[in-house]
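Engineer: Predicted model, plus sequence, below.
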Amino acid sequence: MQQPEAIIVRLGEMTLKGRNRGRFEKRMREQIANLMKAHPQATVHEEYGRVYLVLNGEPYGPVAAGLNRIFGLYSYSPALMVTPELEEIRRRALEWMQAQEPAPRTFKVTANRANKAFPHTSQELGHLVGGYILRHADGKLKVDVHQPELELRVDIRQSEAFIFSESIPGTGGYPVGSNGRAMLMISGGIDSPVAGWLSMRRGLEIEGVHFHSYPYTSERAKQKVVDLTRKLAGYTPDRIVLHMVPFTEIQTRLNQSRTDSLLITLMRRSMFRITEKLAADRRAGAIVTGESLGQVASQTLPSMQVIQDGIRLPILRPLVMTDKTEIIKLSEAIETYDISILPYEDCCTLFVPKSPATSPSLKAVERLERSLDFLPELEREAVERTERLYIREREEDKFDEYF
Ligand code: ATP
Ligand code: MG
């Protein structure tokens with residue numbers, strides 16, 4: 001492919017209708033501005049609802065990869081940027097055609113003239129450019145106005161013209177933050193970062209909640225969660241707040257109590273209660289987990305029911321119906337997989353009972369919890385001692401925001 005000189009970005013168009021459109025587009029503009037900070041030679045301007053990125057020598061690939069991380073973005077087109085003058089347009093349009101691989105057998109030219117001072121109408125321009133290409137191409141190229149293999153588009157703007165041929169669809173979803181905020185229970189595993197990514201794609205702003213049992217779990221296990229969160233931060237212009245909850249005391253005390261096969265159930269109920277408290281502090285409207293139906297003992301229907309009992313916020317489980325192989329594919333695509341498979345121990349794998357209950361009884365669990373009178377106080381303390389980290393995509397961008 002010929003090195004594009006500009007990228008035409010379409011923000012909302014059909015997907016974002018109604019009164020939220022302005023707000024959604026503002027979020028996407030912020031993300032574009034944030035992306036372009038890493039490409040200082042490039043310029044950004046907007047005309048008639050489209051954003052034009054003029055690369056000025058900045059490489060196309062990384063900018064396109066960045067655009068793929070902006071949820072809700074409608075589409076973008078790599079383009080050549082030329083002076084709005086007929087001979088120049090013809091010459092560069094031919095160059096663009098000849099650089100196409102594989103070479104198209106049929107084409108048509110569609111022109112669009114925002115600058116009415118340009119001396120040819122859109123239709124004339126289509127003929128003038130199309131005819132020129134036909135005369136200079138090898139004899140096999142034909143015009144097909146109905147189903148061309150390549151549609152060459154010429155867009156005449158105020159002070160420049162753009163030549164392009166493809167519209168690459170965005171990654172879909174809604175701009176981050178446009179659907180509210182949720183707490184993501186994030187472990188160091190494969191699933192929860194993917195669940196986080198899917199939530200962000202739906203427009204949720206997420207805050208991470210991680211339970212660690214330091215010193216039973218290592219500093220490196222914590223770092224792994226920070227690194228996973230940093231990957232997710234690549235999809236938002238903001239930082240991600242990561243709540244590090246000290247869980248050692250609760251876990252140890254539960255483990256010393258006679259909880260038998262209900263240990264995991266109790267631990268997970270405690271995690272949800274703590275997460276719900278943090279959610280209230282942070283005004284989050286939901287809890288997201290990486291649970292997938294049937295994956296482990298705590299993810300059977302009866303287990304999930306007992307574990308979530310008493311929690312009032314909606315619990316969103318984006319992966320509940322997803323196979324592990326599909327989850328792995330997604331985690332590879334968002335580049336969290338290699339971090340997730342690092343072998344540092346998670347707090348949940350510490351004191352696993354020999355046969356965790358797959359069908360715990362709510363009555364038995366509640367009775368047991370009533371006897372563990374230290375639990376409410378320890379949970380309150382865990383919330384109080386929770387450490388907050390602010391994670392950005394690039395470490396050097398970590399300027400200090402405190403609430
Ligand atoms: P994952 O790959 O996300 O670790 P998993 O298959 O290991 O998932 P579990 O360990 O049963 O599943 O955990 C289920 C969900 O509970 C996780 O996806 C995550 O949302 C949450 N969770 C588990 N451990 C922790 C933790 N230490 N801190 C925060 N959330 C956790
Ligand atoms: Mg896990």
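Structural biologist: Structure received. Ligands and ions are numbered 1, 2, ... in the order given.

Engineer: How about the residues of the chain by ligand 1?
Structural biologist: Counting by Cβ under 6 Å from any ligand atom, the residues of the chain close to ligand 1 are 185-187, 189-192, 209-211, 289-291, 295-296, 298, 346-348. C-beta coordinates here come from the backbone N, C-alpha and C atoms, glycine included.

Engineer: Would you mind confirming that His243 is in contact with Glu387?
Structural biologist: Yes: the pair His243 / Glu387 is scored as a contact, 7.5 Å apart, by Cβ atoms under 8 Å.

Engineer: So for those two, which sits in the more crowded spot?
Structural biologist: Higher neighbour count among His243 and Glu387: His243, with 23 against 12, using other Cβ atoms under 10 Å.

Engineer: List the contacts of that one.
Structural biologist: Applying Cβ atoms under 8 Å, 6 or more residues apart in numbering, one finds that His243 lies in contact with Met183, Glu207, Gly208, Val209, His210, Leu278, Thr386, Glu387, Arg388.

Engineer: which of those residues count as buried?
Structural biologist: Among these, those scoring as buried are Met183, Glu207, Gly208, Val209, His210, Leu278, Thr386 (criterion: 16 or more other Cβ atoms under 10 Å).

Engineer: In the protein, where is pLDDT below threshold?
Structural biologist: For the chain, the stretches flagged by pLDDT under 70 are 13-19, 347-350, 396-403.

Engineer: Quick check: beta-bridge partners of Phe162?
Structural biologist: For Phe162, the beta-bridge partners are Met81, Asp155 (DSSP bridges).

Engineer: tell me the contacts of Glu291?
Structural biologist: Glu291 neighbours (Cβ under 8 Å, 6+ apart): Asp191, Ser298, Gln299, Met304, Arg317, Leu319, Val320.

Engineer: Ok, Gly208 next?
Structural biologist: Counting by Cβ under 8 Å, 6+ apart, Gly208 touches Met183, Leu184, Ile186, Gly196, Val225, Thr229, Leu232, Ile240, Val241, Leu242, His243, Ile391.

Engineer: so the fifth one makes contact with Leu232?
Structural biologist: Same thing as Val225. No: counting by Cβ under 8 Å, Val225 stays clear of Leu232, with 10.7 Å between them.

Engineer: Now list the buried members of the residues of the chain next to ligand 1.
Structural biologist: Buried members of those, counted by 16+ other Cβ under 10 Å: 185-187, 189-192, 209-211, 289-291, 295, 298, 346-348.

Engineer: Give me the subset of these lying in strands.
Structural biologist: If you go by DSSP state E, those have Met185, Val209, His210, Phe211 in strands.

Engineer: and the spatially closest residue to Pro314 that is not a sequence neighbour, how many neighbours does it have?
Structural biologist: Excluding the flanking residues, the one nearest Pro314 by Cβ to Cβ, 6 or more residues apart in numbering is Ala286, at 4.7 Å. Ala286 has 18 neighbours, counted by other Cβ under 10 Å.

Engineer: Look up how far Thr229 lies from Ala286.
Structural biologist: 18 Å (Cβ to Cβ, to the nearest Å).

Engineer: cool, and Thr171?
Structural biologist: 19 Å.

Engineer: looking at it, the residue nearest to Pro314 is touching Leu313, isn't it?
Structural biologist: Yes: applying Cβ under 8 Å, one finds Ala286 in contact with Leu313, separated by 5.6 Å.

Engineer: so what sits against both of these two?
Structural biologist: The contact sets of Ala286 and Leu313 overlap at Ala279 (Cβ under 8 Å, 6+ apart).

Engineer: and Arg1, what does it touch?
Structural biologist: Rather than Arg, residue 1 is Met. By Cβ under 8 Å, 6+ apart, Met1 lies in contact with Pro78, Ala99, Gln100, Glu101.

Engineer: and the helix with the most length in the chain, which residues are buried?
Structural biologist: Counting residues, the longest helix found in the chain (DSSP state H) is helix 263-282. Residues of helix 263-282 classed as buried under the neighbour-count rule (16+ other Cβ under 10 Å) are 263-279, 282.

Engineer: Please state the offset of it from the chain centre?
Structural biologist: The chain centre lies 25 Å from the centre of helix 263-282; the measure is Cα atoms, centre = their mean, to the nearest Å.
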